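A.B. asks: coords below, sequence missing:
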């Protein structure tokens, strides 16, 4: 139990510099306080693992002081910048009038009285997250992929205090995805360094913590729908925000996978939220939302290889949906942030000769054939079969299909249409991967498609909420 508390404290230590940076650079006071906490955790942990990547690739030996040094230095600088002499007696920037769309959850907190249904929804969300934490500390890492792909790599990094090049290049380990990015293994090894030893229970707390950050930020993002109605339409109510947040948190495919220790929750909490923040910026949100989207999307590319596909999707949406002469500049800046975050491991992977067993030059060279294209029917069938599993997804995917049918080709607000396009492009990208896979396509689909759908879940549920508000207004 003490080591679990130390782990949560280590996450807080990683989040502090990012929270202070958000306070310092949120000049428009567009972000709510709770939203800053959620973003601080995701960006802080992501920034810490990015720095750890730089350290291990440089050949330096990992140590807790070295890992925390940039964050501590940044904290000192930011505290000096936010000194009371500069920003008033509290040391914080005053909130804008009305609190901004993103701060709606805190700006009017004193005027809101939760009813019985609201309390029930809050209790449901809290119980779902609490249950995920309980299941995570109940058992050690035992799911095969969690151990073989991420846990083993994380333990080797912790024990070697650096990149285990021998392990990554070992032919026996080649089947365990040595090319996968390092966000999750480095986060787990950071926990082990903070605790002082490798502890399977403690490192698993990474995943329910990511779920908590995802739920907090999803709820905050829903509050921004209130700023996007035509002719000053009524904002989304707190009850509906809680309802859609509970809908996301309670989906079994999400809550059941968290205790398994898979990296897909990390992709959902980064790339999925990156898409949502991009859409909110495209709907007229403040510029800081675009920066947050770029950072989250870049971190998603360091969580799993699928994150690179989602980054490409977000960049495509930005190019197609943004308007004005500044569109190329926005796209160039967005791409630069993603490359700055993802490039270190991509270059190291090339230097070490680590290739993916599904997408590589040999596979792509042999892919263009009628036999491969004939797989499309099987791929579509397996996608539909997975989407109709109500025990895993409730009825989210059929509802999303209905929204897509109503929104495609129909004039209206950007929100749900762009979200539908994001999910559609991602599914097309997944289908292309299965078309070229060197494995039996049915085996490959049934082994992985459920986890590939997971990063899209925040986007899909947010699309339902956006569509509901657009129709209501």
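C.D. replies: Good, I have the coordinates. Please read these numbers as outputs of a predicted model, since none were measured by experiment.
A.B. asks: Is residue 145 in contact with residue 262, as I believe?
C.D. replies: Yes: judged on Cβ atoms under 8 Å, residue 145 makes contact with residue 262 at a distance of 6.1 Å. Quick note: C-beta positions are derived from backbone N, CA and C, even for glycine.
A.B. asks: quick one: low-confidence ranges for this protein?
C.D. replies: By pLDDT under 70, the low-scoring segments of the chain are 83-112, 174-175, 226-235, 324-325, 361-363, 365-369, 408-415, 473.
A.B. asks: tell me, what residue is most central in it?
C.D. replies: residue 270 (1.7 Å; Cα atoms, centre = their mean).
A.B. asks: for that one, helix, strand, or coil?
C.D. replies: Taking DSSP: H, G, I helix; E, B strand; the rest coil as the rule, one finds residue 270 in the helix state.
A.B. asks: Name the surrounding residues that touch the host helix or strand of residue 194.
C.D. replies: Using DSSP states H and E, residue 194 sits within helix 183-195. Residues from elsewhere that reach helix 183-195 (Cβ atoms under 8 Å, 6 or more residues apart in numbering): 3, 6-7, 9-10, 14, 45-46, 48-49, 52-53, 56, 62-64, 67, 150-151, 153-155, 157-158, 198-199, 202-203, 205-206, 263, 266, 299, 302-303.
A.B. asks: For residue 182, see how far away residue 305 is.
C.D. replies: Separation of residue 305 from residue 182 (Cβ to Cβ, to the nearest Å) stands at 12 Å.
A.B. asks: who has more neighbours, the two?
C.D. replies: residue 182 (24 against 16; other Cβ atoms under 10 Å).
A.B. asks: OK, contacts around that one?
C.D. replies: Counted by Cβ under 8 Å, 6+ apart, residue 182 has contacts 49, 52, 53, 56, 153, 157, 302, 345.
A.B. asks: repeat that with 10 Å
C.D. replies: 49-50, 52-53, 56-57, 150, 153-154, 157, 163, 189, 302-303, 344-345, 348 (Cβ atoms under 10 Å, 6 or more residues apart in numbering).
A.B. asks: Also residue 450?
C.D. replies: 253, 257, 264, 386, 389, 392, 393.
A.B. asks: Hmm, residue 213 and residue 37 touching each other?
C.D. replies: Yes: applying Cβ atoms under 10 Å as the test, residue 37 and residue 213 come out as touching, 8.7 Å apart.
A.B. asks: Are there residues contacting both of these two? Which ones?
C.D. replies: Jointly contacting residue 37 and residue 213 under the rule Cβ under 10 Å, 6+ apart are residue 15.
A.B. asks: Now list the buried members of the contacts of residue 450.
C.D. replies: For these, a burial check counting by 16 or more other Cβ atoms under 10 Å picks out 253, 257, 264, 386, 392, 393.
A.B. asks: element containing the residue nearest to the last one when sequence neighbours are not counted, please.
C.D. replies: This points to residue 393. Once flanking residues are discounted, residue 393 sits nearest to residue 253: 5.4 Å by Cβ to Cβ, 6 or more residues apart in numbering. Per DSSP H and E, residue 253 falls inside helix 252-255.
A.B. asks: returning to that earlier point: farthest-apart pair in the contacts of residue 450, please.
C.D. replies: Between any two of these, the greatest separation by Cβ to Cβ is 16.0 Å, found for 264 and 389.
A.B. asks: quick one on the thing from earlier: mind giving me the ChimeraX command for buried ones among the contacts of residue 182?
C.D. replies: To isolate the buried ones among these in ChimeraX, judged by 16+ other Cβ under 10 Å, type:
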select :49,50,52,53,56,57,150,153,154,157,163,189,302,303,344,345,348
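A.B. asks: Give me the subset of the contacts of residue 182 that lies in helices.
C.D. replies: Those of the contacts of residue 182 mapping onto helices are 49-50, 52-53, 56-57, 153-154, 157, 189, 344-345, 348, per DSSP state H.
A.B. asks: and which of the residues you listed is nearest to residue 424?
C.D. replies: When those are compared for distance to residue 424 (Cβ to Cβ), residue 345 wins out at 28.3 Å.
A.B. asks: if we can go back for a sec, now, of the contacts of helix 183-195, which are buried?
C.D. replies: For the contacts of helix 183-195, buried by 16+ other Cβ under 10 Å: 3, 7, 10, 14, 45-46, 48-49, 52-53, 56, 62, 67, 150-151, 153-155, 157-158, 198-199, 202-203, 205-206, 263, 266, 299, 302-303.
A.B. asks: Enumerate every residue touching the residue nearest to residue 393.
C.D. replies: Residues in contact with residue 253 (Cβ under 10 Å, 6+ apart) are 264, 386, 389, 391-394, 396, 450-451, 453-454, 457.
A.B. asks: I'd like these laid out as CSV, including secondary structure and distance to residue 434.
C.D. replies: Converted to CSV, those look like this (DSSP: H, G, I helix; E, B strand; the rest coil; distance: Cβ to Cβ, whole Å):
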residue, secondary structure, distance to residue 434
264, helix, 17
386, helix, 12
389, coil, 18
391, helix, 23
392, helix, 19
393, helix, 19
394, coil, 25
396, helix, 22
450, helix, 14
451, helix, 13
453, helix, 13
454, helix, 16
457, helix, 20
